[in-house]
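**Student:** okay, sequence plus prediction incoming.
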Amino acid sequence: MKADLKKDYLVCEQKTIYALLMASAGMMGAYTYVLRGGVFCNAQTANVVVMAISFGKGDWLGGLYFLIPISAYLLGAFVSEILPSPVRKLGFLRFDTCLIIFETVVLLIIGFIPLSVPHQVVQVIVNFIASMQYNTFRQAEGIPMATTFCTNHIRQIGVGLAKAVGKKDGVAMRRGLIHAGMVSAFFSGAAVLTFLCPLLEERAVWAILLPMGFVLVKLIRADLGAERDMLDRKPSGH
C-alpha cells in the first residue's frame with residue numbers, strides 16, 4: 001500500500017503534509033485574530049462583505065481600504081501561478097518546497113515586528129502567503145483540499161456522512177473522516193497559538209515554524225532524494 005502511495009502521489013500531496021499545513025493555517029488565523037487586529041487573514045470573504053457594508057453605509061474611504069488585503073491575496077495567487085514553471089526549470093527544488101521556505105522566512109520576520117506597528121502591515125503579509133499556500137497545495141492524495149480555511153472541509157464532512165447513511169458509501173465516509181481530521185488539525189493549531197499569544201506576544205508566530213519545519217524537512221528530503229527525478233512532475237490538481 002505504501003509503495004503504491006509513493007508511486008501515485010508525491011510527498012507534497014501526502015495527507016500528513018496537508019494536516020501540518022492546516023495546523024499552521026489555524027495558528028496563523030489565531031495569531032492575526034488575537035494579536036494583529038482581530039481579523040482572520042487566511043481567506044477574503046469577510047473582507048469583501050465588510051467592504052460592501054462600508055460602501056452601503058456611504059463610508060467609501062473605509063471600504064476602499066479593503067482593496068489592499070484583497071489585492072494582496074490576489075497577488076499571492078498570481079505569483080504562485082506564475083513562478084512554478086521557472087522554478088521547475090532550475091531543477092533543484094520543487095516550487096512547493098520553495099514556497100514553504102519562503103513562508104518560513106516570512107513568519108520568522110513577522111516575529112520581529114513589534115505589536116506597536118500598525119496591524120495592517122502583518123495582516124497584508126499573511127494575506128499574501130496564505131493565498132500562495134492555498135493556490136499551491138490543492139489535493140491530498142487525490143482529494144481536493146483547502147489548507148488555509150475550514151469551510152469546504154466542514155461541507156465535505158456533511159457530504160460524506162450523508163452518502164454513508166443514504167447510500168452506504170464507505171469511500172465517501174472515509175473521505176469525510178479525512179476532512180474531519182483536517183478540521184481537527186486546524187482547530188488544534190489555533191488553540192495552541194491562542195494559548196501562546198499572551199505568553200510570547202509577537203514572537204508567538206514562531207510556534208508556526210514547528211509544523212512548517214516538519215513539512216520543509218519532508219519536502220527537501222523528497223526533492224533531493226526519492227523524487228529527485230520527478231521535479232518536473234506537477235502535483236494533482238495543477
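**Tutor:** Noted; the coordinates are in hand.

**Student:** for the chain, give me the ranges with low pLDDT.
**Tutor:** 1-7 (pLDDT under 70).

**Student:** in it, which spans are strands?
**Tutor:** 139-140, 143-144 (DSSP state E).

**Student:** what's the most buried one of the ones you listed?
**Tutor:** strand 139-140 (a mean of 20; mean count of other C-beta atoms under 10 Å). C-beta here means a position set from N, CA and C on the backbone, and glycine is covered the same way.

**Student:** packing partners for that strand?
**Tutor:** For strand 139-140, the elements it packs on are helix 15-35, judged by 3 or more C-beta pairs under 8 Å, 6 or more residues apart in numbering; DSSP states H and E.

**Student:** so which bits of the helix it packs on are buried?
**Tutor:** The neighbour-count check on helix 15-35 (16 or more other C-beta atoms under 10 Å) flags 15, 17-35 as buried.

**Student:** what's that helix packed up against?
**Tutor:** Using 3+ C-beta pairs under 8 Å, 6+ apart, helix 15-35 sits against helix 119-136, strand 139-140, helix 170-200, helix 209-224.

**Student:** quick one: that helix to chain centroid distance?
**Tutor:** In terms of C-alpha atoms, centre = their mean, to the nearest Å, the gap separating the centre of helix 15-35 from the centre of its chain is 7 Å.

**Student:** quick one: work out the angle between that helix and helix 170-200.
**Tutor:** Angle between the axes of helix 15-35 and helix 170-200 is 40 degrees (criterion: axes from the mean of the first three to the mean of the last three C-alpha atoms, to 10 degrees).

**Student:** that older thread, can you list the helices and strands packed on helix 15-35 in CSV and add distance to Arg88?
**Tutor:** Shown next, in CSV, are these (distance: least, C-beta to C-beta, whole Å):
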stretch, distance to Arg88
helix 119-136, 13
strand 139-140, 18
helix 170-200, 27
helix 209-224, 11
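
**Student:** quick one: which of the ones you listed is nearest Pro84?
**Tutor:** Proximity to Pro84 (C-beta to C-beta) singles out helix 119-136 among the helices and strands packed on helix 15-35, at 7.9 Å.

**Student:** for the closest one, give me every contacting residue.
**Tutor:** For helix 119-136, the surrounding residues in contact (C-beta atoms under 8 Å, 6 or more residues apart in numbering) are 21, 25, 28, 31-32, 36-37, 39, 41-44, 68-69, 72-77, 79-81, 84, 95-96, 99, 102-103, 106-107, 110, 113, 146-149.

**Student:** dump it to CSV, keeping only the CA atoms.
**Tutor:** Once non-C-alpha atoms are left out, helix 119-136 reads as follows in CSV (Å, rounded to 0.1, in the frame of the first residue of the first chain):
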residue,chain,number,x,y,z
HIS,A,119,-1.6,45.7,12.4
GLN,A,120,-2.4,46.1,8.7
VAL,A,121,1.3,45.5,7.9
VAL,A,122,1.2,42.0,9.2
GLN,A,123,-2.3,41.3,8.0
VAL,A,124,-1.4,42.1,4.4
ILE,A,125,1.8,39.9,4.7
VAL,A,126,-0.3,37.0,6.0
ASN,A,127,-2.9,37.6,3.2
PHE,A,128,-0.2,37.1,0.6
ILE,A,129,1.5,34.0,2.0
ALA,A,130,-1.9,32.3,2.8
SER,A,131,-3.1,32.9,-0.8
MET,A,132,0.1,31.3,-2.1
GLN,A,133,-0.3,28.3,0.1
TYR,A,134,-4.0,27.9,-0.8
ASN,A,135,-3.2,28.0,-4.5
THR,A,136,-0.2,25.7,-4.4
